[in-house]
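J.: coords below, sequence missing:
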RNA sequence: GGUUCCGUAGCUCAGUUGGAUAGAGCAACAGCCUUCUAAGCUGUGGGCCCUGGGUUCGAAUCCCAGCGGAAUCACCA
């Protein structure tokens, strides 16, 4: 149990004994004391005045006296107006430190067979183009969220629903047949996803030419788009696909394989992974069946033209199409089908969809529909909605070529890390392979931190010109702090496990503050799990690293003459390093031993 | 127009369930490498927390209204 909870418990007793009132522990939960005041933890007593019928400072003093008498860890206190500032005993801090240092799972809740099963869907790419910056944000958020939920004591299944069918992939297939038959990723020397993406662009170029020509002949834009032979061919191909045409299907399968191979490479480099992958080509028919089932039960209704709808006006929403008049599925139908399959595969307790905020409405509707269809977690499904990544000149548009490609981005991050490490001596003594590994960790760390430190809900700005910083509030700063501590530990000859006299060391103000920050890790992880916020973890890690760097510059750890003090500081440093690595690990970031 | 989300330093962002004088980084300026890694540290300047009401001991935080921005409201996915 944390010291905050213990103090709050004693404070509840105090109020009962002193004023005869029963209060909630949350009302007297201590918070970290502001650094301008003396003390470690502060209880705000204003809420207690109703019970005490005394002035704020008197109430605080009475409570303070009670805490000193009844709580071993409390050394003394001071009162400023309604703020009761509590100073804890030095021995308390050293015991906290040793406890954290020896507990490999500090801050993490254990996962058992009874733990809630949380499924997290993220990534969910289309198979007609390579991953871009928007996907990067999605993937990093989803993967980090999975790590955080697991740290908070959930069984987690990471899943990916691949949108592998539809008109978009047909466009790429058609372009390949017309202008690139015979070309393979090997022959082109390109990743498969990039190759297919190129054909998608090729299609669009030719399509636009056709439309322009038709418009010159006097057709309106809409008519031209409809009559374009290329587009008609693409639609024809989709129809053949739906009918199971062998020629189309085998081409489709081959090209999808190319794309998957490319995706796998990108995922691997990003450091994300999945436990179970679903494909829309396998789920869309399930959705159709489920909708028809709902139709029979009277949950949905059929219009005269044969289309099937859900009436959500009673829930404050519109009517929603579920099956077209020709009986084919729409997006929503597929999501229902995917949900059905997932529910059959896993006993899911809760479901988190990591999908951009442009689909807020879609998930509002999906939640209602799944609930009506009887899915246990339908009503409470969580749409982890994140904002878009914007460029300085506006949004990313694939047609206008203003997308930031995920693979290119990772390359350039690593290149920038290389430039920044150009100073002599920095990576000396490492083999070329080790050096590359360090640069990879730093480059990707910078990218991950840059994206995850921002509140997911907000749109964020990415400036490719300025790229991503490696100084200041960055992933590199945290990694640097870690590498620095590792260096100290390598050079210290002390056997850390042998330090017996730590109790004799009275930590300084800065040291207690640092221990306190380290101890906060448990609370921060729990909070991040409750609010689904990797950003909380990121900013915590930065704060801790910042605080350590200040501490580092205040004292010379290795040259400290007092043995007890040196060992204490070494242990503190090591604990900070371990905590930093754990925190950053929840973001999917790695730590270099040196940099 | 309906719904949802956002509005904090010149810029990019924090601000933990309402708490004390609102914090970082970047950019600018001034210092610190003979000392464990200067991707660092110290200092200076920079704010009607969009506006106006309300709730209370106390509001950047909660409620209402307005203003500004974003997304969405397809027989697209």
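T.: Looks like it arrived, so ask away. Worth saying up front: this structure is predicted, and the values here are computed from it rather than measured.
J.: Any chance you could list what contacts stretch A:283-294?
T.: Stretch A:283-294 is contacted by residues A:161, A:165, A:300, A:308, A:310, A:322-323, A:327, A:329, A:332-338, A:340-341, A:372-373 when judged by Cβ atoms under 8 Å, 6 or more residues apart in numbering. (C-beta placed from N, C-alpha, C; glycine too.)
J.: Sitting in helices, which of the residues you listed do you find?
T.: Judged by DSSP state H, helices contain the following of the contacts of stretch A:283-294: A:332-338, A:340-341, A:372.
J.: pLDDT and distance to residue A:229 added to these, as TSV?
T.: Shown next, in TSV, are the ones in helices among the contacts of stretch A:283-294 (pLDDT from 0 to 100; distance: Cβ to Cβ, whole Å):
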residue	pLDDT	distance to residue A:229
A:332	93	31
A:333	93	30
A:334	92	29
A:335	94	33
A:336	95	35
A:337	94	33
A:338	95	34
A:340	93	39
A:341	94	38
A:372	91	43
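J.: filter those residues down to the ones close to RNA strand B.
T.: Under the cut-off given by Cβ under 7 Å from any atom of the strand, RNA strand B has residue A:334 from the ones in helices among the contacts of stretch A:283-294 close to it.
J.: of the ones in helices among the contacts of stretch A:283-294, buried ones?
T.: When the ones in helices among the contacts of stretch A:283-294 are checked for burial by 16 or more other Cβ atoms under 10 Å, the buried set is A:332-338, A:340-341, A:372.
J.: which of those sit farthest apart?
T.: Longest distance between any two of those is 18.3 Å, between A:341 and A:372; criterion Cβ to Cβ.
J.: And for residue A:488, the neighbour number?
T.: Neighbour count for residue A:488, taken as other Cβ atoms under 10 Å: 16.
J.: quick one: which of the buried ones among the ones in helices among the contacts of stretch A:283-294 is nearest to RNA strand B?
T.: The closest of those to RNA strand B turns out to be residue A:334 (Cβ to the nearest atom of the strand; 6.5 Å).
J.: any idea how far the closest residue to the closest one other than its chain neighbours lies from residue A:470?
T.: Among residues not flanking residue A:334 along the chain, residue A:284 sits closest, at 4.5 Å (Cβ to Cβ, 6 or more residues apart in numbering). Using Cβ to Cβ, to the nearest Å, residue A:284 is found at 45 Å from residue A:470.
J.: Kindly report the same for residue A:137.
T.: Note on residue A:137: its distance to residue A:470, by Cβ to Cβ, is 20 Å.
J.: my read: residue A:579 touches residue A:518, true?
T.: Yes: with contact defined as Cβ atoms under 8 Å, residue A:579 and residue A:518 form a contacting pair (5.0 Å).
J.: and for the two, which residues touch both?
T.: Contact with both residue A:579 and residue A:518 is made by residues A:100, A:544, according to Cβ under 8 Å, 6+ apart.
J.: ok, and for stretch A:436-448, which residues are buried?
T.: Buried residues in stretch A:436-448 (16+ other Cβ under 10 Å): A:438-448.
J.: could those be laid out in JSON lines, adding distance to residue A:60, secondary structure and pLDDT?
T.: Below are the buried residues of stretch A:436-448 laid out as JSON lines (distance: Cβ to Cβ, whole Å; DSSP: H, G, I helix; E, B strand; the rest coil; pLDDT from 0 to 100):
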{"residue": "A:438", "distance to residue A:60": "52", "secondary structure": "helix", "pLDDT": "95"}
{"residue": "A:439", "distance to residue A:60": "54", "secondary structure": "helix", "pLDDT": "95"}
{"residue": "A:440", "distance to residue A:60": "54", "secondary structure": "helix", "pLDDT": "96"}
{"residue": "A:441", "distance to residue A:60": "49", "secondary structure": "helix", "pLDDT": "97"}
{"residue": "A:442", "distance to residue A:60": "49", "secondary structure": "helix", "pLDDT": "96"}
{"residue": "A:443", "distance to residue A:60": "51", "secondary structure": "helix", "pLDDT": "95"}
{"residue": "A:444", "distance to residue A:60": "49", "secondary structure": "helix", "pLDDT": "96"}
{"residue": "A:445", "distance to residue A:60": "45", "secondary structure": "helix", "pLDDT": "96"}
{"residue": "A:446", "distance to residue A:60": "46", "secondary structure": "helix", "pLDDT": "95"}
{"residue": "A:447", "distance to residue A:60": "48", "secondary structure": "helix", "pLDDT": "96"}
{"residue": "A:448", "distance to residue A:60": "44", "secondary structure": "helix", "pLDDT": "97"}
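J.: Look through the stretch 351-500 of chain A and state the residue closest to RNA strand B.
T.: Here the residue of the stretch 351-500 of chain A nearest RNA strand B is residue A:472; by Cβ to the nearest atom of the strand that distance is 2.2 Å.
J.: and that residue, helix, strand or coil?
T.: Assigned state for residue A:472: coil (three-state reduction, DSSP: H, G, I helix; E, B strand; the rest coil).
J.: neighbours of it, just the number please.
T.: Residues lying near residue A:472 (other Cβ under 10 Å) number 9.
J.: interface residues of the stretch 351-500 of chain A facing RNA strand B?
T.: For the stretch 351-500 of chain A, the contact set with RNA strand B under Cβ under 7 Å from any atom of the strand comprises A:357-362, A:364, A:387-388, A:395, A:417, A:420-421, A:423, A:426, A:442, A:453-455, A:457-461, A:469-474, A:476-477, A:480, A:483-484, A:486-488, A:491.
J.: Off-centre distance for the helix-or-strand element of chain A with minimal mean pLDDT?
T.: Across the helices and strands of chain A, mean pLDDT, DSSP states H and E gives its lowest value to helix A:221-227, namely a mean of 83. Distance of helix A:221-227 from its chain centroid, counting by Cα atoms, centre = their mean, to the nearest Å, is 42 Å.
J.: For the nearest residue to residue A:464 once chain neighbours are set aside, give me phi and psi.
T.: Sequence neighbours aside, residue A:404 is the residue nearest to residue A:464 in space, at 6.0 Å (criterion: Cβ to Cβ, 6+ apart). When read as degrees, to the nearest 10, the backbone of residue A:404 gives phi -100, psi 110.
J.: ok, residue A:404 - contacts?
T.: Counting by Cβ under 8 Å, 6+ apart, residue A:404 makes contact with A:132-133, A:389, A:391, A:396, A:462, A:464.
J.: What subset of these is buried?
T.: Buried members of those, counted by 16+ other Cβ under 10 Å: A:132-133, A:389, A:391, A:396, A:462.
J.: anything in stretch A:536-550 near RNA strand B?
T.: Yes: remark: stretch A:536-550 sits within contact range of RNA strand B at A:536, A:539, A:542, A:546, A:549-550, by Cβ under 7 Å from any atom of the strand.
J.: returning to that earlier point: sort out for me which of the buried ones among the contacts of residue A:404 are in strands.
T.: Under the assignment DSSP state E, the buried ones among the contacts of residue A:404 contribute residue A:389 to strands.
J.: ok, for residue A:97, nearest residue in space, not its chain neighbours?
T.: Residue A:97 sits nearest to residue A:515 (Cβ to Cβ, 6+ apart), 5.3 Å away.
J.: Which strands and helices lie in contact with the host helix or strand of that neighbour?
T.: Assignment of secondary structure by DSSP states H and E places residue A:515 within helix A:509-519. Applying 3 or more Cβ pairs under 8 Å, 6 or more residues apart in numbering; DSSP states H and E, we find helix A:509-519 packed against helix A:90-102, helix A:534-554, helix A:563-585.
J.: Out of those helices, which is the most enclosed?
T.: With neighbours taken as mean count of other Cβ atoms under 10 Å, these reach their highest mean count in helix A:563-585, at a mean of 21.
J.: For the stretch 351-500 of chain A, just list every one of the strands.
T.: Taking DSSP state E, counting those that start in this stretch as the criterion, the stretch 351-500 of chain A carries its strands at A:382-386, A:389-390, A:460-461.
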